[in-house]
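Novice: Sequence and predicted structure are below.
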Amino acid sequence: VSFASAADSSASAAAISSSCDLFFPNPNIGGSYLLIHYNLPACTRGDMQYTGESLTESSQTMDIVFLQALRIDTTIGIYDWEREIRQSVVLDIEMGTDISKAAASDHIDDTLDYKAVAKRLIDFVGNSEFQLVETLAEEVCRLIREEFGVPWVRLTLNKKGAVSGAEGVGIIIERGNRS
């Protein structure tokens, strides 16, 4: 570790090469920088790997877009009285995707549009008449994966009020591949 003044170098960020100099403002000596020198034969940064030549992607990322507590009224249940009323189901959904393109472009067309997913689910679940939460959960996951190109989904489907004394009952399922 050594000190260098601003006049010694105009760089204030890391240079990627076989070695790396990092300059940080020195709060103890005004107008000077703390210089840290690293030798980098190979190093890893997040999901990128530095090999001495260039930064290359070492693995595909899996980010998660989620919808939490999406409440939808539907016809669900096995009893005759349940077929005559509408009951609320609450969905918590995690959808695996790669958000890097959307993050780089800052454009809605490059992302998994959670509002579009929510609107589609509200229509689908609201108009469905399944008897079992298991069937509804499978169909919700199928719809998300097929219509929105999601490789992995985790769904918690809560049928609140279905059992006296319980805050909720339901099912948690995962479909697809996380990687």
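Specialist: Perfect, I can see it now. Numbers count the residues shown, from 1 in each chain.
Novice: Check the burial of Arg86 by counting its neighbours.
Specialist: 11 (other C-beta atoms under 10 Å). For glycine as for every other residue, the C-beta is placed from the backbone atoms N, C-alpha and C.
Novice: Now do the same for it: its pLDDT.
Specialist: Model confidence at Arg86, given as pLDDT, is 96.
Novice: so how far is Asn127 from the closest residue to it other than its chain neighbours?
Specialist: Distances taken as C-beta to C-beta, 6 or more residues apart in numbering put Asp73 closest to Arg86, at 4.4 Å, once the chain neighbours are dropped. Computed as C-beta to C-beta, to the nearest Å, the Asp73 to Asn127 distance reads 11 Å.
Novice: which strands and helices sit next to the lengthiest strand in the chain?
Specialist: Scanning the chain for the longest strand, with DSSP state E as the assignment, gives strand 63-76. Secondary-structure packing of strand 63-76 (3 or more C-beta pairs under 8 Å, 6 or more residues apart in numbering; DSSP states H and E): helix 80-83, strand 87-97, helix 114-127, strand 129-130, helix 133-148.
Novice: out of those, nearest to Ala103?
Specialist: With C-beta to C-beta as the criterion, Ala103 lies closest to strand 87-97 of the helices and strands packed on strand 63-76, at 11.4 Å.
Novice: what comes up buried for the closest one?
Specialist: Val89, Val90, Leu91, Asp92, Ile93, Glu94, Met95, Gly96, Thr97 (16 or more other C-beta atoms under 10 Å).
Novice: what pairs with the first one across the strands?
Specialist: Translated: Val89. Judged by DSSP bridges, the bridge partners of Val89 are Ile72.
Novice: Hmm, it is touching Leu132, no?
Specialist: No - judged on C-beta atoms under 8 Å, Val89 makes no contact with Leu132 at a distance of 11.8 Å.
Novice: rewinding a little: which one's more surrounded, Asp73 and Asn127?
Specialist: Each of Asp73 and Asn127 has its neighbours counted (other C-beta under 10 Å); Asp73 has more, 13 against 10.
Novice: Mind telling me what element Ala102 is part of?
Specialist: Assigned by DSSP states H and E, Ala102 belongs to helix 100-105.
Novice: Mind listing residues that contact that helix?
Specialist: Residues outside helix 100-105 that contact it (C-beta atoms under 8 Å, 6 or more residues apart in numbering) are Thr61, Asp63, Ile108, Asp110, Thr111.
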